[in-house]
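> The following block contains a protein sequence and its predicted model.
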Protein chains: 2
Amino acid sequence: MKKIERPTLEDVAVAAKVSTATISRSINEPEKVADATRERIQTVIRKLGYTPNIGGRILASNRSNTVGAIIPTMANAMFASGLQAFQQELAKAGVTLLVASSGYNSEEEFQQIQALMAQGADGLLLIGDQRPQESIDFLAMRNIPYVISWCFKSDSDRVFAGFDNIAAASSITRHVLDLGHRRIAMIAGKAKDNDRAKNRILGVKRAVKSFGKNAQLLKVVEADYSMENGGDAFTQLMDSTQPPTVIICGNDVLAAGAVVRAQQRDINIPEEVSITGFDDINLATAVYPALTTVRVPHIDMGRAAAKLLLEMVSGKRNPASVAFDTEIISRQSLAAPAFLL
Amino acid sequence: MKKIERPTLEDVAVAAKVSTATISRSINEPEKVADATRERIQTVIRKLGYTPNIGGRILASNRSNTVGAIIPTMANAMFASGLQAFQQELAKAGVTLLVASSGYNSEEEFQQIQALMAQGADGLLLIGDQRPQESIDFLAMRNIPYVISWCFKSDSDRVFAGFDNIAAASSITRHVLDLGHRRIAMIAGKAKDNDRAKNRILGVKRAVKSFGKNAQLLKVVEADYSMENGGDAFTQLMDSTQPPTVIICGNDVLAAGAVVRAQQRDINIPEEVSITGFDDINLATAVYPALTTVRVPHIDMGRAAAKLLLEMVSGKRNPASVAFDTEIISRQSLAAPAFLL
DNA sequence: TTGAAAGCGCTAACAT
DNA sequence: ATGTTAGCGCTTTCAA
């Protein structure tokens, strides 16, 4: 079987008896081509099975119609639905998505930034606002547009599509305090290289502090995001000499792990200790009792990030960052502390 | 601030006083360049901040070093960790990943196949072996290598990195029968456009049938993958005049939904009815009681798929498909039926 | 081991 | 509305 040569613009041009420029136009700016011509070209394209060579296109237009996303991990549901929304929004604009994962590691993220840029990404989606100067400088030097999601800063020249982690963590903490809890503990994500984890800790600390002397944050345990680790942290907290009446978790995976462990150890939630989550993923409603948690607008963030990035890629200078509200979803894992009941 | 022109191979060549060909070689086939020359070139490259223009590279080499993956959805954990493994394996080979989602819809998948190929993907990862002839022909016509994951066929010219859904479903069904269950129901994924769902149903049917007259598959309810739908299907099944003693679910999300619903309705699992899952994702251990389920080798599949695809992209004709075993993970949602206890 | 040079297929500025 | 044409930056023979 002979290898069939792939048709080029030139072939189409010859067959349709027009110039290559007209073919190019009829593909990229159809409205600039006469209807009759366009239809004739369409027919020829279909007959020849022509598809543009992406290399030629990128080379000539200096645009790849591709953007990259670097997320900490795809292995849990946390980023998945936001990423999906991001991709779908891009697809509408004919832009495709390159993905890479950093494993919550700044060095690895830097590698992936370079890799995606080397692949010609026109823009980048990054998670969180904490990265080494090296990465920031690199992005600036290469002048590539990027938007940051999962966090928000108002006083920054960077562009965000996210929410205020400090405020969100403070609000769930205040909610917990309002219910009467005074002895609070936290199971947080590892704060290293992770400003979301860091800020959630900060938010809890601030809310407790500003509540006054009566309330205290007994302990903050940091753990990598997994149910197992959440369970271990729970054990550690409950076995301490002064156990908390509520445990605020930096994420639903950790919280779910804590709830499951409580069950195994026959500790009643929320009677003996309350637990709260963060993110509102599937897991939150799977555990028993279901998690009271902070709902994060995954889908909206993904969509907004895509829109912003698309604008920036097509030349808009400094689009306004967008901040989303979070919402406390009340379920059964949180109640007033026992001594009040 | 003046826009700095991005340096090209030519610039590097001039600065290093060699030809562009040598620079190109020192990047792509370093061993073919004298050590001294290579080092000199390296220095210049760093000084100028040179990075290759991807368009030029693709155009000249006719290779994009990019592969695409089209998965039904990123919005649940099912495909996430396999995709992550796939990407990481690719990254080792300097290949980047384009992703798109099809929403379990063949037509949409076809669109995405075209989109990713138009973006120059050198190869494709597809989920499942069921797609319209249109898609198959298109892939064949364009002669693009692709591997199929999440299922397996031995008598096919396509390349698979997956497992046998029929066998896996049969094995959990036999396990259930061995425990003494005779009245079985199933909550399956929607079979349309989804051969994994279809084959899992088939596997259950076959195992029940070959067990003989005593056992019967009362009913198969199809539902889109969500906990809510799983719960609704559970209700429907339990409210029927002849409720089952065990419900085999086509996926952990559906099973988790069923377990949660049982809790809400105060139906004891596994005393009143047993439930089994499929996939072994996080959710399986979050619900109470934890799901007895079929473990699918997500990570291994992702890795194997990447290796196969990489081979095919670099010219290997027909690498051997790889089949993985699944494993039944026993937890607490499955027990012998009440009348045997 | 290195260099010269011919494209790769497309877009976009300009001309008509 | 359409055509002409000059590159875009790189890889890859072929020759030296």
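That came through fine.

> now the strand or helix carrying A:Ile70, how far from the chain's geometric center?
Under the assignment given by DSSP states H and E, the secondary-structure element containing A:Ile70 is strand A:66-71. Remark: strand A:66-71 is offset 11 Å from the chain centroid, using C-alpha atoms, centre = their mean, to the nearest Å.

> mind listing what's buried in that strand?
Of the residues in strand A:66-71, A:66-71 count as buried by neighbour count, 16 or more other C-beta atoms under 10 Å in any protein chain shown. For the C-beta atoms, the positions are set from N, CA and C on the backbone; glycine is no exception.

> Excluding residues flanking it in the chain, which one is nearest the residue nearest the centre of chain A?
Centroid-nearest residue in chain A, with C-alpha atoms, centre = their mean: A:Phe79, separated by 4.8 Å. Excluding its sequence neighbours, the residue lying closest to A:Phe79 (C-beta to C-beta, 6 or more residues apart in numbering or on different chains) is A:Ile71, at 4.5 Å.

> Can you name the residues bridging to that neighbour?
Using DSSP bridges, the bridge partners assigned to A:Ile71 are A:Ser101.

> Would you mind confirming that it makes contact with A:Gly103?
No - using C-beta atoms under 8 Å, A:Ile71 is not in contact with A:Gly103, being 9.9 Å away.

> Shouldn't the residue nearest to the centre of chain A be within a helix?
Yes - counting by DSSP: H, G, I helix; E, B strand; the rest coil, A:Phe79 is part of a helix.

> how about it, what does it touch?
Remark: with contacts taken as C-beta atoms under 8 Å, 6 or more residues apart in numbering or on different chains, A:Phe79 is in contact with A:71-73, A:127.

> got it, and A:Pro319?
A:159, A:308, A:311-312.

> And the pLDDT at it?
Confidence per residue is given as pLDDT, and for A:Pro319 that number is 94.

> Would you quantify the distance from it to A:Leu310?
10 Å (C-beta to C-beta, to the nearest Å).

> for A:Pro30, same thing?
Distance, A:Pro30 to A:Leu310, using C-beta to C-beta: 20 Å.

> now A:Ile148
Here the distance between A:Ile148 and A:Leu310 works out to 15 Å (C-beta to C-beta).

> Same question for A:Ala13.
Using C-beta to C-beta, A:Ala13 is found at 31 Å from A:Leu310.

> Who has more neighbours out of the two?
A:Leu310 (21 against 18; other C-beta atoms under 10 Å in any protein chain shown).

> which element is the nearest residue to A:Leu283 once chain neighbours are set aside on?
Leaving aside its sequence neighbours, A:Leu283 sits nearest to A:Ala256 (C-beta to C-beta, 6+ apart; 4.4 Å). When elements are assigned from DSSP H and E, A:Ala256 belongs to helix A:252-264.

> what helix or strand is the closest residue to A:Ser135 other than its chain neighbours on?
Leaving aside its sequence neighbours, A:Ser135 sits nearest to A:Phe110 (C-beta to C-beta, 6+ apart; 4.8 Å). For A:Phe110, the enclosing helix or strand under DSSP H and E is helix A:106-118.

> is that helix up against DNA strand D anywhere?
No - in terms of C-beta under 7 Å from any atom of the strand, no part of helix A:106-118 sits within range of DNA strand D; the closest distance is 10.3 Å.
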